[in-house]
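1. What shape does this take:
(3 chains)
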Amino acid sequence: MLDLLWLVPVIPFIGFLILTLTFGKLPQLAAGIVGAGSIGLSFVFAFLAGSSFLGAEISSYSQTLWTWMSVGDLEVGFTLYLDGVSLVMMYVITGIGFLIHVYATGYMSGDPSFARFFSYMNLFVSAMLILVLADNLALLFMGWEGVGLCSYLLIGFWYKDPNNGYCARKAFVMTRVGDAFMAIGLFTLFVSTGTLNIQEAMLEAEAQWVVGSGVATAVTLLLLGGAVGKSAQLPLQTWLPDAMAGPTPISALIHAATMVTAGVYLIARTHVLYLLAPEVQYLVGVIGAITLLMAGFTALTQSDIKKVLAFSTVSQIGYMFLALGVGAWSSAIFHLMTHAFFKALLFLTAGSIILAMHHEQDIFKMGGLRKDLRWSHALFLIGTLGLVAFPGFSGFFSKEEILATAMENHDGGYILYLAGLLGAVMTYLYSFRLYFLVFYGKKTHDGHEVMGLHLQGPLVLLAIGAVFAGFIHIPVEGVFPEMEEHHPSVMAQAAMILLPMLGGLLAWWVFVKGKVDTEKLAGQGFGAKLHRFWFTQWGMDWLYDKIIVTPYTWLAEVNKNDFIDSIYNGSARAVRFCHEVMSETQTGELRWYAISIAYGLLLLVVLGVLL
Amino acid sequence: MSVLFYGSAIIAVLATLLVITRTNIVHALLYFIVSLLAIAVIFYTLGAPFAAALEIIVYAGAIMVMFLFVVMMLNLGQVTQDQEKAWLTPSVWIGPSIMAVPLLVAVIYAINLNQEQMAHTVVGGKEIGVALFGPYVLAVELASMLLLAGLVGAYHLARK
Amino acid sequence: MEMPTVTMQVIPMEHGLLLAAILFIMGMVGVLTRRNLVFILMSLEIMLNATGLAFIVASSHWGQVDGQIMFLMILSLAAAEVAVALGLVLQLFQKRKTLDINVLGEMKG
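-> Residues are numbered from 1 along each chain as shown, chains lettered A, B, ... in the order given. As a prediction, the model looks like this:
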């Protein structure tokens, strides 16, 4: 069954073609069947291929469809490569993608651009599958750009609101910054190793590069630039909160479960390079730690339910980066998988709440909804417990693995561990703040649960995943270097589990009991400044505005009449000037012509005499 | 002979000067004929009697008569003469003269660069005929075509 | 009857050429000053004639026939040119009732 692997990315692409080439004329039911069905079918084939891969007990399998390009030494095949990591990613994308698609048929029901929505979604899934199944970095980059494109299209899906278009452009431009780094990194890697095939390049690099050498540092830094852009990590994280302008299933699929984890996948995929550049690897961890704290603080101040979740996503990806930084490769992938479950669940439940509240997203206008929205309440609670890594829930297993590895890491890991622990407290705090504000407190608005099999069905399945995904064993042993078992002391474990719960208690104490007047705290003096600082993501947008946008617009203002253009315009003007001068001579008066001829004659005679 | 040459030369120059300054076309034409006759004499003194004869027959005879016919057909009367008077103010002459004088100086200078005597052999009609229908037969044919084209063109253009 | 080949009194070639140059430049001045088309044509004839004179002088200097042949060519050229040009003058005058080239100059580039 392994040779059916190529069908996995191709079927969603066919779905995209069907939906696009019918120009949205397909009735909603048919479009829904094509859109969600193609992903379902893709999942079936992914499952078949995956199970035979696991049964065959091979470490990797590659399938060349055709040669994409062949120039000189560069030979890039359209080759799919399946191993433990890409298998996990493939399952996550097709499985969770399918559930989100099913949910979207309900959520988007009645939207005039229903078919367009699903065509973008299918294209996204196809591109994402190409990204994770790519055998070489060129193909990976194609998928990488493909998901970037779909992300842009879907953030700006409701393009009639100019703000959505702005958000889409921001996401596109910000990720493009990272992609430029990544492209240069790929070129450098190719120049150094002579191949773009990931596995061969890893072997070459291992054989050629000295640990900590300049080329290793350069390549890994450049690839990290791409990963940071795509995964919304510091300093390129500013686009993700704005990306919430898209429909909620998009936020769940692209900006929580799959695409934004592509950076994690990229670094895990090229982990051999990072082992050769320990400083950069440590930098990955530091970026993750800072990002998870920054996003945690910011999430605490947001009022839009989707933005809180967006910052929690940034924060959780920060955990994955932290894991990568301390060499816990498999833990990063593991956390990626569990995160995909509970974050998709949280986003989709948030979507249900938003639907129930008639597209109200402000959490301060919600409250006391636990009676009205029983389903959403239960599902949201499960998702939240997963997110905060409550013992027994999926997030617990992955996050604990990460923290334990960080703690035992000898070179500088301890600071990362402390940051992670603080982040865990923050996670409790902002997650339960969100939960309590929405479901407890005084009831201000009535909500009516929108019910339906295609809405609640996927949610229940995701909830099951969010609870039990921690028990799944991901088959990545052959891919990553062996990690020694961690046995943190009981005290350390207890600290890891109990300390963050204080955050939850604090949230309960503040937001349910109302012991602290948060508005007063955030409204004046130092508190206001701090609130403002956190709310604006530590002023990153402001900073970019000051150091990039303002000088750039100033430069554009100065160079309004394009300097380069003036050369071309100038030559055109010179020609026009000559033309005008010459046309002056064409008076139509015979006498002028005769005089000119006479002068020419005079000149010739004089020349003849002189020479 | 040299008296004849220089005398004719003076007459030719003076007559030509009158041609370009006259306001009456018929007067100008008559002076032009005088000038052509003087040049015909010069041809004769330079040992080209055949050319002298042609100058009188073709130039002074045919071409000038053609001018006269046209002047008659145009029927240009006193009005044209007054017009010419009005046009030919002294200032009109300044520009062309400024141009003509240096040109003349340059040409005189150029001519004086190589002082050479003329051979003064008379070349008669017989030699010309032999040359015309010998090495220059193609030129004769071309000239005949040119004249035919002129004939057709003049006929076509002068039609009412 | 053939002319006797006699050694004539010496006339320098420069003087012949000088005469041709003077006539040519006078014709040119005529072309430049006059506004009446018929006068312009006449001045052109003066210039052509001056060129012919220069050829005859050269022919006489070398004692060769070729210069005279060239004069013949110029003669036929002048005849053809005058025939066509006068035809044009007639047509123009019929159409525009004027021979002023300043008025007729409409071919503005």
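
2. The most centrally placed residue in chain B: what's it in contact with?
-> Chain B has residue B:36 as the residue nearest its centroid, 5.9 Å off, counting by CA atoms, centre = their mean. Residue B:36 is in contact with B:55, B:56, B:59, B:60, B:64, C:49, counting by CB atoms under 8 Å, 6 or more residues apart in numbering or on different chains. C-beta here means a position set from N, CA and C on the backbone, and glycine is covered the same way.

3. Excluding chain neighbours, give the residue nearest to the residue nearest the centre of chain A in space.
-> Nearest to the geometric centre of chain A sits residue A:260, at 2.3 Å (CA atoms, centre = their mean). Leaving aside its sequence neighbours, residue A:260 sits nearest to residue A:231 (CB to CB, 6 or more residues apart in numbering or on different chains; 5.2 Å).

4. Wait, the one you found touches residue A:261, no?
-> Yes: look at residue A:231 against residue A:261 with CB atoms under 8 Å: they come within range, at 6.6 Å.

5. and residue 2, how many neighbours does it have?
-> Using chain A. Applying other CB atoms under 10 Å in any protein chain shown, we find 16 residues neighbouring residue A:2.

6. nope, chain B
-> Other residues near residue B:2 come to 13 when the count uses other CB under 10 Å.

7. pretty sure it contacts residue C:11?
-> Yes: using CB under 8 Å, residue B:2 is in contact with residue C:11, at 5.4 Å.

8. State the pLDDT value of residue A:325.
-> Predicted confidence (pLDDT) for residue A:325: 84.

9. Likewise for residue A:172?
-> pLDDT at residue A:172 comes out at 88.

10. thought it was touching residue A:154?
-> No: applying CB under 8 Å as the test, residue A:172 and residue A:154 come out as separate, 11.3 Å apart.

11. quick one: contacts for residue A:70?
-> Listed by CB under 8 Å, 6+ apart, the contact set of residue A:70 reads residue A:76.

12. Just the element for residue C:44, please.
-> helix C:37-62 (DSSP states H and E).

13. quick one: average pLDDT of that helix?
-> Here helix C:37-62 scores 90 as its mean pLDDT.

14. at contact distance from chain B, anything in it?
-> Yes: shown here: helix C:37-62 in contact with chain B (CB under 8 Å from any CB of the partner chain) through C:38-39, C:41-43, C:45-46, C:49, C:52-53, C:56-57, C:59-62.

15. Which strands and helices lie in contact with the helix or strand that that helix is followed by?
-> The first helix or strand that comes after helix C:37-62 along the chain, using DSSP H and E, is helix C:66-96. Contacts defined by 3 or more CB pairs under 8 Å, 6 or more residues apart in numbering or on different chains; DSSP states H and E place helix C:66-96 against helix B:49-54, helix B:64-74, helix B:125-132, helix B:137-158, helix C:37-62, helix C:101-104.

16. For burial, what's the neighbour tally of residue A:400?
-> Using other CB under 10 Å, residue A:400 is surrounded by 21 other residues.

17. Which strand or helix spans it?
-> For residue A:400, the host element (DSSP H and E) is helix A:394-408.

18. got the buried residues for the helix holding residue C:44?
-> Residues C:37-61 are the ones in helix C:37-62 that count as buried (16 or more other CB atoms under 10 Å in any protein chain shown).

19. and it with helix B:64-74, angle?
-> With axes from the mean of the first three to the mean of the last three CA atoms, to 10 degrees applied, the angle from helix C:37-62 to helix B:64-74 works out at 180 degrees.

20. Pull the distance from helix C:37-62 to the chain's centre.
-> Using CA atoms, centre = their mean, to the nearest Å, the distance from the centre of helix C:37-62 to the centre of the chain it belongs to is 4 Å.

21. residues touching residue A:329, list them.
-> By CB under 8 Å, 6+ apart, the contact set of residue A:329 is A:268, A:271, A:323, A:476, A:479, A:480, A:481, A:483.

22. which of the residues you listed tops the neighbour count?
-> Within the contacts of residue A:329, residue A:323 tops the neighbour count with 33 neighbours, counted by other CB under 10 Å.

23. Look at that one and give its secondary structure.
-> helix (DSSP: H, G, I helix; E, B strand; the rest coil).

24. Verify the stated contact: it with residue A:402.
-> Yes: contact between residue A:323 and residue A:402 holds when scored by CB under 8 Å: they sit 4.3 Å apart.

25. Give me the common contacts of the two.
-> A:331, A:332, A:335.

26. now those as a markdown table including pLDDT and secondary structure?
-> Formatted as a markdown table, those follow (pLDDT from 0 to 100; DSSP: H, G, I helix; E, B strand; the rest coil):
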| residue | pLDDT | secondary structure |
| --- | --- | --- |
| A:331 | 83 | helix |
| A:332 | 85 | helix |
| A:335 | 86 | helix |
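
27. among those, who's most crowded?
-> Most neighbours among the shared contacts of residue A:323 and residue A:402, by other CB under 10 Å: residue A:332, with 34 neighbours.

28. For residue B:79, identify the helix or strand it belongs to.
-> Using DSSP H and E, residue B:79 sits within helix B:78-87.

29. check whether that helix contacts chain C.
-> Yes: residues of helix B:78-87 are located near chain C by CB under 8 Å from any CB, namely B:80, B:83, B:84, B:87.

30. ok, the residue nearest to residue A:325 when sequence neighbours are not counted - contacts?
-> Nearest non-adjacent residue to residue A:325, counting by CB to CB, 6+ apart: residue A:285, 1.9 Å away. Residue A:285 makes contact with A:321, A:322, A:324, A:325, A:326, A:406, A:413, A:416, according to CB under 8 Å, 6+ apart.

31. Please state the offset of the longest strand along chain A from the chain centre?
-> Looking across chain A with DSSP state E, the single longest strand is strand A:61-71. Centroid separation for strand A:61-71 versus its chain: 27 Å, with CA atoms, centre = their mean.

32. Given that strand, what are its sheet partners and their directions?
-> Sheet pairing of strand A:61-71 (DSSP bridges) gives strand A:74-82 (antiparallel).

33. Just the buried residues of the partner strand, please?
-> Here strand A:74-82 shows A:76, A:77, A:78, A:79, A:80, A:81, A:82 as buried, counting by 16+ other CB under 10 Å.

34. Out of the residues of helix C:37-62 next to chain B, which two are the most distant from each other?
-> Across the residues of helix C:37-62 next to chain B, the longest distance by CB to CB is 37.1 Å; it joins C:38 and C:62.

35. Over to the residue nearest to residue B:60 when sequence neighbours are not counted. Which of the three states is it?
-> Among residues not flanking residue B:60 along the chain, residue B:36 sits closest, at 4.4 Å (CB to CB, 6+ apart). Three-state assignment for residue B:36 (three-state DSSP): helix.

36. Distance check, residue B:36 against chain A.
-> According to CB to the nearest CB, to the nearest Å, residue B:36 and chain A sit 23 Å apart.

37. show me the contacts for residue B:66.
-> Residue B:66 makes contact with C:82, C:83, C:86, according to CB under 8 Å, 6+ apart.

38. Common neighbours of residue B:2 and residue C:11, please.
-> Shared contacts of residue B:2 and residue C:11 (CB under 8 Å, 6+ apart): residue B:45.

39. on that earlier part again, quick one: which of residue A:172 and residue A:154 has more around it?
-> Set side by side, residue A:172 and residue A:154 show more neighbours around residue A:154, with 28 against 18, by other CB under 10 Å.

40. Which pLDDT value goes with that one?
-> Here the pLDDT value assigned to residue A:154 is 86.

41. That one: which element?
-> helix A:137-155.

42. Show me what that helix is packed against.
-> For helix A:137-155, the elements it packs on are strand A:61-71, strand A:74-82, helix A:114-133, helix A:162-193, helix A:198-208, helix A:214-230, helix A:262-269, judged by 3+ CB pairs under 8 Å, 6+ apart.

43. angle of the helix holding residue C:44 against helix C:66-96?
-> Interaxial angle of helix C:37-62 relative to helix C:66-96 (the same axes, to 10 degrees): 180 degrees.

44. Helix B:78-87 and helix C:37-62, what's the angle between them?
-> 70 degrees.

45. Alongside chain B, which residues does chain A contribute?
-> When proximity is defined by CB under 8 Å from any CB, chain A lies next to chain B at A:595, A:598, A:599, A:601, A:602, A:605, A:606, A:608, A:609.
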